[in-house]
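>>> Sequence isn't available, so here's the structure alone:
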């Protein structure tokens, strides 16, 4: 792929590029750029939301640039506060180290680790003296943290913002200086953190990195960014069948989003999917295609085909009728929590809430989300809870 085509791909995959013209010139010069991505090991599992910037880093790598992956074993003990409504639980060094053990194998499904420079930010923060840290803080005005919308939202709600959280963007900015990054990748909600890297480079007279902001994948709940905190993830270590089934549970409105970001299909194919949906094609058929593409991306074509066959077999009318227990319910509208308790799928209202938050309830093929409308139950309605529990209303 030529430099012009690669830059066009970069533009089509990103939400914003800073400085766009500067990065275009750098790519056109055919100089090998140092492209940075940081990942904090706050949990043992990476998910498809993490895969979006990893895939873009792989694109840079395949175009001849140097991929620089920072494992945030130091910053992971703080946790990125971007978009969070409350402070994260602080992790210990041993916890981040344990989580990191699983990362290389997962990241290796996307990046070519033989061509990747992998660093830990404890390399520089672990030996940084207090005087050096205070000098680093002096490069940033207090308003760079104080004016953050996520912090202001917490303060308006009466929730605390702690000083260690307010310093996170400073630490991430120094990562860029430490590895001499020409470009940094991140999702849209990371904008302030990545711009801090540009600011620090300028103030220190070092490389002023360009920034590529990417869209983020919406989670299975259909509302929030995919994250372990929200419990709405498809994990890289999920089986092909689990990946397929989870994609089939997404809202129809997210099909194109998952085609572009979870399956990482070419932009022209994503546009074709959007046209087909707009023309009235059955969303379920398109969703099956996207689910198979996601499973194939991580498990290969053969496993993806088996996952598709297993899903269609499980949900075929013949097999559902044989294996599905009946339940007697009056024909009326039910609140989702009430319905889960009525069919004894939940032990309590709190258990029902947990199931709803996880996207476990589906009625007549439509997933029911928390806080949504009431559900009309009629004779013959099919209720599904989780992947394997079904009821037919008598």
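Thanks, I have it. Everything numeric in this text was worked out from a predicted model, so none of it was measured. Numbers count the residues shown, from 1 in each chain.
>>> what separates residue 237 from residue 105, distance-wise?
Plainly put, residue 237 is 9 Å away from residue 105 if you go by C-beta to C-beta, to the nearest Å. Where you see a C-beta, it was placed from the backbone N, CA and C, and this is true even at glycine.
>>> pLDDT on the helix or strand containing residue 258, on average?
Using DSSP states H and E, residue 258 sits within helix 255-261. Helix 255-261 comes out with an average pLDDT of 96.
>>> Next: stretch 12-32.
94.
>>> and what of stretch 39-55?
Per-residue pLDDT over stretch 39-55 has a mean of 92.
>>> try stretch 164-180
On average, stretch 164-180 scores 91.
>>> Stretch 222-236 too?
Mean pLDDT, stretch 222-236: 86.
>>> From the opening residue of it to its closing one, how far?
19 Å (C-alpha to C-alpha, to the nearest Å).
>>> Residues contacting it, please?
Applying C-beta atoms under 8 Å, 6 or more residues apart in numbering, the contact partners of stretch 222-236 are 42-43, 45-51, 83-84, 106, 109, 187, 189, 216-221, 242-243, 246-247, 250-251, 253-254, 262, 294, 298, 357-359, 367, 369.
>>> quick one: which of these sit in strands?
Per DSSP state E, strands hold the following members of the contacts of stretch 222-236: 187, 367.
>>> Going through the contacts of stretch 222-236, which ones are buried?
42-43, 46-51, 83-84, 106, 187, 216-221, 243, 246-247, 250-251, 254, 262, 294, 298, 358-359, 367, 369 (16 or more other C-beta atoms under 10 Å).
>>> Check the protein for its longest helix and report it.
The single longest helix within the chain, with elements called by DSSP state H, is helix 283-299.
>>> the inter-axis angle of the very next helix or strand once past it versus helix 283-299?
The element immediately downstream of helix 283-299 (helix or strand, assigned by DSSP H and E) is helix 301-314. Orientation of helix 301-314 against helix 283-299 (axes from the mean of the first three to the mean of the last three C-alpha atoms, to 10 degrees) gives an angle of 140 degrees.
>>> what sits against the residue nearest the centre of the chain?
Taking C-alpha atoms, centre = their mean as the criterion, residue 49 is the residue nearest the geometric centre of the chain, at 1.8 Å. By C-beta under 8 Å, 6+ apart, the residues touching residue 49 are 187, 216-217, 219, 225-227, 233.
>>> Tell me where the model's unsure across the chain.
Across the chain, residues meeting the criterion (pLDDT under 70) sit at 79-90, 316-324, 371-372.
>>> Going along the chain, name the strands of it.
Applying DSSP E to the chain gives strands spanning 16-18, 34-39, 66-71, 116-120, 183-187, 210-214, 326-327, 332-334, 361-363, 366-367, 375-377, 382-385, 389-393.
>>> Residue 308 is in contact with residue 296, correct?
No - using C-beta atoms under 8 Å, residue 296 makes no contact with residue 308, being 9.5 Å away.
>>> Residues in contact with the helix holding residue 258: which ones?
For helix 255-261, contacts defined as C-beta under 8 Å, 6+ apart pick out 48, 52, 215-218, 247, 250, 265, 267, 269-270, 273-274, 277, 283, 286-287, 290, 293-294.
>>> Next: stretch 165-174.
With contact meaning C-beta under 8 Å, 6+ apart, stretch 165-174 is reached by 38, 72, 74-75, 78-81, 87-88, 121, 124-125, 136-137, 139-140, 144-146, 151, 192-194, 196-197, 199-200.
>>> Let's see which of the residues you listed end up in helices.
Restricting these to those inside helices, with DSSP H as the criterion, leaves 124-125, 136-137, 144-146, 151, 192-194, 196-197, 199-200.
>>> Quick check: of these, which lies closest to residue 162?
Within those, the smallest distance to residue 162 is 10.1 Å, found for residue 151 (C-beta to C-beta).
>>> Just give me the neighbour total for residue 58.
Residue 58: 19 surrounding residues under other C-beta atoms under 10 Å.
>>> Let me see the contact set for it.
If you count contacts by C-beta under 8 Å, 6+ apart, residue 58 has them with 67, 110-112.
>>> Let's see that with 7 Å instead.
By C-beta atoms under 7 Å, 6 or more residues apart in numbering, the residues touching residue 58 are 110-111.
>>> Could you do residue 241 as well?
307, 310.
>>> do residue 100 as well
41, 71, 73.
>>> Nearest residue to residue 112 in space, ignoring adjacent ones along the chain?
Of all residues not flanking residue 112 in the chain, residue 61 sits nearest, at 6.1 Å (C-beta to C-beta, 6 or more residues apart in numbering).
>>> likewise residue 265?
residue 259 (5.0 Å).
>>> picking up where we left off before, just send the contacts of residue 49 back as CSV, with distance to residue 337 too.
As requested, the contacts of residue 49 are exported to CSV (distance: C-beta to C-beta, whole Å):
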residue, distance to residue 337
187, 32
216, 29
217, 28
219, 21
225, 25
226, 24
227, 24
233, 23
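>>> from these, which single one is nearest residue 378?
For these, the nearest to residue 378 is residue 219 (30.4 Å; C-beta to C-beta).
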